[in-house]
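Undergrad: structure for the following, please:
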Amino acid sequence: MSDLGIVIVNYNTHARLRDCLASLMASRGVATTIYVVDNNSTDGSAEMVRAEFPRVQLIVSPTNGGYAYANNLALRQILAQEPPPPFVLLLNSDTVVPPDAFAEMLAFFAAHPEAGVAGPKLVMENGELDLACRRSFPDPLNSIYHVLGLDARFPKSRRWARYNLTYLDPDQMTEVDSVVGAFMLLRTITVQQAGLLDETYFMYGEDLDWCWRIKRRGWRVYYNPAVTVLHVKRESSRQSARAQYEFWRAAYIFYQKYYAAHTALPLRAAIILGLALKGGAKLIGEMLRPLPPAPNASELNP
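TA: I've put the predicted structure just below:
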């Protein structure tokens, strides 16, 4: 039985995926089962995995259903095992993981039995911290400060810079609201309790949503900088029109699910207007239609 089920979603990241898998093959101290979910790539990624990494469990999706959809394909297989591994990991294909990272992260969980989710220090190729690796929930005030650029102007302010927690020492272990899906390690029991990722999100936001639901079950989320992982972020995709739209669409879904009902009407109107301006005509069209009912835990369970 493996200690850790690892899920990697791939969409046209052939070279990065190879580097990621090669780093996982060198990991030590933890028995792992690796799942690659190929989201209908066109760059030969699936064929490369079959040829070069025969130990990897490859799931080829006939459609690109999004990040949550693809992760759930593998998570269902993991949770169906008897017994399932005690831990699961969401891992991006553009990461490179040091050999002892998994052993050190599982040791962290052993020392923190209240931890349901944890993530490491993610560092980009230029040596800078990937700010997404430790986050607060984007509540209305945090989001407004971020959109106005106040967190960038006052990165050490505990009031203005809560969105990315830039006032914290990057080498300080701390409890946070969420870590990022690029490397999100969870106790399997937290997934069994909170359910799978919400596929209402196509990309972005689903990791925040998951942490919200897990924390409501009484678990804690930690940033553990004792472990450092390289994250080669794809700047081109982040700047694509589709990515920008999905970012603001995810923000709208998260706000509607968790904050809208408790926001005063004038502030709610301002937030919706701001999201509409950011998301453009396509998001405005979606706002004019009711969101699908939020899945409950039983509907998200495998």
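Undergrad: mean confidence score for stretch 23-34?
TA: Here stretch 23-34 scores 96 as its mean pLDDT.
Undergrad: now do stretch 69-84
TA: Averaging pLDDT residue by residue across stretch 69-84 gives 96.
Undergrad: buried stuff in it?
TA: The neighbour-count check on stretch 69-84 (16 or more other C-beta atoms under 10 Å) flags 69-75, 77-79, 84 as buried. Every C-beta, even on glycine, is put in place using the N, C-alpha and C of the backbone.
Undergrad: try stretch 26-46
TA: 27, 30, 32-39, 41, 45-46.
Undergrad: helix, strand or coil for the residue nearest to T228 when sequence neighbours are not counted?
TA: Excluding the flanking residues, the one nearest T228 by C-beta to C-beta, 6 or more residues apart in numbering is K121, at 4.7 Å. Assigned with DSSP: H, G, I helix; E, B strand; the rest coil, K121 falls in the strand class.
Undergrad: wait, which of the buried residues of stretch 69-84 is closest to A270?
TA: Distance to A270 across the buried residues of stretch 69-84 (C-beta to C-beta) is lowest for Y69, with 32.2 Å.
Undergrad: can you tell me, leaving aside adjacent residues, what's nearest to that closest one?
TA: Distances taken as C-beta to C-beta, 6+ apart place E199 nearest to Y69, at 4.9 Å, with adjacent residues excluded.
Undergrad: helix/strand/coil for that neighbour?
TA: Put simply, E199 is coil when judged by three-state DSSP.
Undergrad: verify the stated contact: it with N71.
TA: No: under the criterion of C-beta atoms under 8 Å, E199 makes no contact with N71, lying 9.3 Å away.
Undergrad: pull up the overlap in contacts between those two.
TA: Common contacts of E199 and N71 (C-beta atoms under 8 Å, 6 or more residues apart in numbering): E206.
Undergrad: how about the strands in the protein?
TA: 4-10, 32-38, 57-60, 87-92, 95-96, 115-123, 174-176, 183-187, 220-231 (DSSP state E).
Undergrad: among the ones you listed, which is nearest L129?
TA: strand 115-123 (6.2 Å).
Undergrad: phi, psi of N40?
TA: When read as degrees, to the nearest 10, the backbone of N40 gives phi 60, psi 50.
Undergrad: correct me, but it touches P62?
TA: Yes: using C-beta under 8 Å, N40 makes contact with P62 at a distance of 6.5 Å.
Undergrad: hmm, back to that, let me have the strands of the chain in a markdown table, extended by distance to Q244.
TA: A markdown table is the format used below for these (distance: least, C-beta to C-beta, whole Å):
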| stretch | distance to Q244 |
| --- | --- |
| strand 4-10 | 20 |
| strand 32-38 | 24 |
| strand 57-60 | 28 |
| strand 87-92 | 19 |
| strand 95-96 | 23 |
| strand 115-123 | 22 |
| strand 174-176 | 25 |
| strand 183-187 | 23 |
| strand 220-231 | 20 |
